[in-house]
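K.L.:
task: produce atomic coordinates for the following.
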Amino acid sequence: MTFWTYMLHCADRSFYVGHTDNLEVRIGQHEVGQIPGYTQTRSPLKLVWSQAFSSRIEALEAERQIKGWSRAKKLALIRDDWTLISSLARSKTEK
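P.N.:
Take a look at the predicted model:
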């Protein structure tokens, strides 16, 4: 079974990060407001990034890690700019 970590761009310009075992269904649920909580009042939503994992724990760990990232680092992930992600990680640890 495949598990997904995903990031949505919300109408208020914020990002939502979650994980699921059925990406297509989950995005549909978010779009119609079926998932209570953060995204329910922030539509329209756009899927801007996702990655597949082989276990739920890996997807959950990725979700938790990304949720802790700055906006700049999330934008770099969306652009697949690993050089910038690495640079942003180093600058944070150097402080």
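K.L.:
next SSE downstream of the helix or strand that contains Ser50?
P.N.:
Per DSSP states H and E, Ser50 falls inside strand 46-53. Counting by DSSP H and E, the element after strand 46-53 in chain order, helix or strand, is helix 56-67.
K.L.:
tell me what that following helix is packed against?
P.N.:
Counting contacts by 3 or more Cβ pairs under 8 Å, 6 or more residues apart in numbering; DSSP states H and E, helix 56-67 is packed against strand 3-9, strand 15-20, strand 46-53. Backbone N, C-alpha and C define where each C-beta goes, glycine included.
K.L.:
and these as CSV, adding mean pLDDT and distance to Ala76?
P.N.:
What follows is these, written out as CSV (pLDDT from 0 to 100; distance: least, Cβ to Cβ, whole Å):
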stretch, mean pLDDT, distance to Ala76
strand 3-9, 98, 12
strand 15-20, 98, 12
strand 46-53, 98, 11
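K.L.:
to Lys74, which of the ones you listed lies closest?
P.N.:
strand 15-20 (5.3 Å; Cβ to Cβ).
K.L.:
tabulate the helices and strands packed on helix 56-67 in a markdown table, adding columns for mean neighbour count.
P.N.:
Output for the helices and strands packed on helix 56-67, formatted as a markdown table (neighbours: other Cβ atoms under 10 Å):
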| stretch | mean neighbour count |
| --- | --- |
| strand 3-9 | 22 |
| strand 15-20 | 20 |
| strand 46-53 | 15 |
